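K.L.:
Based on what follows, work out the 3D shape:
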Amino acid sequence: MDSSTEQVARVRVTAGLRALRFDGGSLALNLVASLARRGSTPIERLGTLDRLREWCDGVGLRLRDEAVTDGLHTELRTLREAAYDVVAAAVHGRAPAAASIALLNERARPAPPQPLLRATGAGVEVDGADRPLTGRELQSVVVRDLIAVLGDPERRGALRACDSSLCTMIYLDLTPGRRRRWCSMRLCGNSAKAAKHRRRRAAAEGSRGDR
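P.N.:
Predicted coordinates:
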């Protein structure tokens, strides 16, 4: 993508760019994706407590009402950046910061809720599966998901960064052949195709003008 195209894209912040993403391929990657355009001027998608609630709804997690606080909001964004450091390190073959590893391990320690089976007269029910989470339980669930991704050779090997230099969103590519280049063909893929078409048209017009 040429510099002029990227410069225009940097200043256009649409509702679509601010929308939460739930297509990273895992719970933890969906959290990482709540900060957009890391490759240029970052766009915060998790900027308010209402957006935090919306994110929880989108990933199918319930928080206790009293857990939705500014403190949790800050902690979750700090966790997000540590998670990004670790998955980006896995993608690019570098070592993550020791502080990121330490923070993630610390946030993973609180035990998440454990659903249990309960016998009833009609059979078996599951108790506790839908119990709302505390803030630290929520963070533990996210970090344990991240650990599960990194601990699975297939999924770890499927981590990719979007080819768009403006985006760089990290996602799991589980397509056959793992040839997916974009976080979303509808978003970054189509933008790249449109930019390529503009460059070709400009080059063709320049060539005609030189005759």
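K.L.:
where exactly do the helices run in the chain?
P.N.:
Under the criterion DSSP state H, helices of the chain are mapped to 3-11, 15-18, 27-32, 49-59, 70-92, 98-108, 135-151, 153-157, 190-209.
K.L.:
quick one: pLDDT of the residue most central in space within the chain?
P.N.:
For the chain, the residue nearest the mean C-alpha position is A33 (2.5 Å; CA atoms, centre = their mean). Per-residue pLDDT puts A33 at 98.
K.L.:
Next: the one 4 residues further on.
P.N.:
The predicted local confidence for R37 comes out at a pLDDT of 93.
K.L.:
hang on, the earlier thing: the residue nearest to the centre of the chain: what's it in contact with?
P.N.:
By CB atoms under 8 Å, 6 or more residues apart in numbering, A33 lies in contact with L20, R21, D23, G24, R45, M169, I170, Y171, C183. Where you see a C-beta, it was placed from the backbone N, CA and C, and this is true even at glycine.
K.L.:
Turn those into CSV, including neighbour count.
P.N.:
Below are the contacts of A33 laid out as CSV (neighbours: other CB atoms under 10 Å):
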residue, neighbour count
L20, 17
R21, 20
D23, 13
G24, 22
R45, 18
M169, 26
I170, 25
Y171, 25
C183, 26
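K.L.:
which of those lies closest to L159?
P.N.:
Comparing the contacts of A33 against L159 with CB to CB picks out I170 as the nearest, at 6.2 Å.
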